[in-house]
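Here is the input, now give the coordinates:
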Amino acid sequence: MQCKFYDQHQCRSCELSHVPYMEQVAQKDQALKSLFENRMPTQWLPPVLSEETGCRNKAKMVVLGAAHAPVLGADVKSTGAKSVDAKCGDPIELVSLTHCPLYTEDMQALLAYLQDWIRVAGIPPYNKTKKKGELKYILLTRSDHSGEFMLRFVLRSRDALPRIEANLERLKTAFPTLRVVTVNLQPIHMARLEGEEEIFLTEAEHLVERFNDVPLVVRPKSFFQTNPKVAAQLYATAREWVKEIAPKHMWDLFCGVGGFALHCASVTDTVTGIEIEPEAIASAKRSAAEMGITNLNFDALDSAKFSEMQNTAPDLVLVNPPRRGLGKALVEQLVELAPQHILYSSCNPDTLRADIEAMPSYSVKRLQWFDMFPHTEHAEVMVLLENKK
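Predicted coordinates for the structure are as follows:
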């Protein structure tokens, strides 16, 4: 991928961008085979590849600089860009990443416009050293299905809220695809992306994405996959694997907005989706209602606590945990409950391997990885485990 930010040492997030894409894929495939050599699956399927550019649907931009010259991107500490010593009072070099090639062209255009819009609106960026200013982050999500956007301003306080409201109509006129606009209040001085309070500035409060004709409702705090085209193939593949097993009942733990559960409802009798974030569960229920699905139950619970309350397991348990993995307690509970199959989708192959190794009573039947994060060493890996008993 040609990226001026990488070439100029201004951003190193895509550490493999200098490597030809198919060589990246080969390197990742070999690294994963080495990682799982002690639990090599019976079937190793070819990887699902990504587009090289314009593949992301989310942008998380830190707001830097001053009110008269705001910058959306990253500071020198996170990019490795050259700068003079800030301790001497000299300014740190700031890098605008509004035109990152991972974003679609309309995302780049909106981010570039926002950078100037913030200046005209007179909204001061938050300075974490001085603990002054208001605007901390710009969080942008795009629906690949509709091309509509959800824009979130993360503020330290309500002080800048009137300036956003006074200039909002101008922003919406310039970008009619802005469907949802919110202000998130994060008053704590710490490296925390968002706070508890969300203020909606538009009548609409969610985006709708569609993967394989399945509508997914995306609200401000909902977890959502960052690469829509690869995510669609991930969900479709999971549905095919579940269809082959034909379970009477299945759980979808860490279900988020219900992507896996909604896809698999048509190939099993009943599905129970569990997610700790109530907002995500509300989104999942809304999607199920739109599809007319009646064999789905969603609850806002911790997955480990839910599992602990169960006396028996369904035929199949699907898990899609965060990077930290399932955790010792949930792994032990699954081993004890002993479902016939476990379908594990992971964004962290290291914790996936550790969890698998802690389940010796299961054999690894199938593995496929999805290049959700091109130009990096990360991969989304899905494995099918079968109880040896």
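
Could you list the low-pLDDT ranges of the protein?
Residue ranges of the chain with pLDDT under 70: 75-92.

Next one: residue 231 relative to residue 372, how far apart?
7 Å (Cβ to Cβ, to the nearest Å). Where you see a C-beta, it was placed from the backbone N, CA and C, and this is true even at glycine.

Quickly list what's touching both of the two.
residue 225 (Cβ atoms under 8 Å, 6 or more residues apart in numbering).

So what's the residue count around residue 291?
Taking other Cβ atoms under 10 Å as the criterion, the count of residues near residue 291 is 15.

ok, it touching residue 217?
No - using Cβ atoms under 8 Å as the test, residue 291 is too far from residue 217 to be in contact (11.1 Å).

quick one, phi psi at the closest residue to residue 343 other than its chain neighbours?
Closest residue to residue 343 apart from its sequence neighbours, by Cβ to Cβ, 6 or more residues apart in numbering: residue 318 at 4.4 Å. For residue 318, the backbone dihedrals (degrees, to the nearest 10) come out as phi -100, psi 130.

ok, now how distant is residue 318 from residue 345?
According to Cβ to Cβ, residue 318 stands 7 Å off from residue 345.

Tell me which of the two has more neighbours.
Just comparing residue 318 and residue 345: by other Cβ under 10 Å the higher neighbour count belongs to residue 318, 27 against 22.

Hmm, the more buried one is touching residue 252, no?
Yes - contact criterion Cβ under 8 Å: residue 318 and residue 252 qualify, at 4.8 Å.

overlap in contacts of the two?
In contact with both residue 318 and residue 252: 260-261, 264, using Cβ under 8 Å, 6+ apart.

I'd like these as JSON lines, with secondary structure and distance to residue 278 appended.
Shown next, in JSON lines, are the shared contacts of residue 318 and residue 252 (DSSP: H, G, I helix; E, B strand; the rest coil; distance: Cβ to Cβ, whole Å):
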{"residue": "260", "secondary structure": "helix", "distance to residue 278": "19"}
{"residue": "261", "secondary structure": "helix", "distance to residue 278": "16"}
{"residue": "264", "secondary structure": "helix", "distance to residue 278": "22"}
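
Can you report how many residues lie near residue 282?
Residue 282: 16 neighbours (other Cβ under 10 Å).

And the nearest residue to residue 142 once chain neighbours are set aside, how close does it get to residue 213?
In space, and not counting its chain neighbours, residue 142 is closest to residue 57: 4.7 Å by Cβ to Cβ, 6+ apart. From residue 57 across to residue 213, the span is 18 Å (Cβ to Cβ).

Show me which of those two is the more surrounded one.
Legend: neighbour count by other Cβ under 10 Å for residue 57 and residue 213, higher for residue 57 (24 against 7).

Could I get the contacting residues of the more buried one?
By Cβ under 8 Å, 6+ apart, the contact set of residue 57 is 104, 141-144, 224, 226-228.

Could I have the buried ones of the residues you listed as PyMOL selection syntax?
The PyMOL command for the buried members of those (criterion: 16 or more other Cβ atoms under 10 Å) is given here:
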select buried, resi 104+141+142+143+144+224+226+227+228
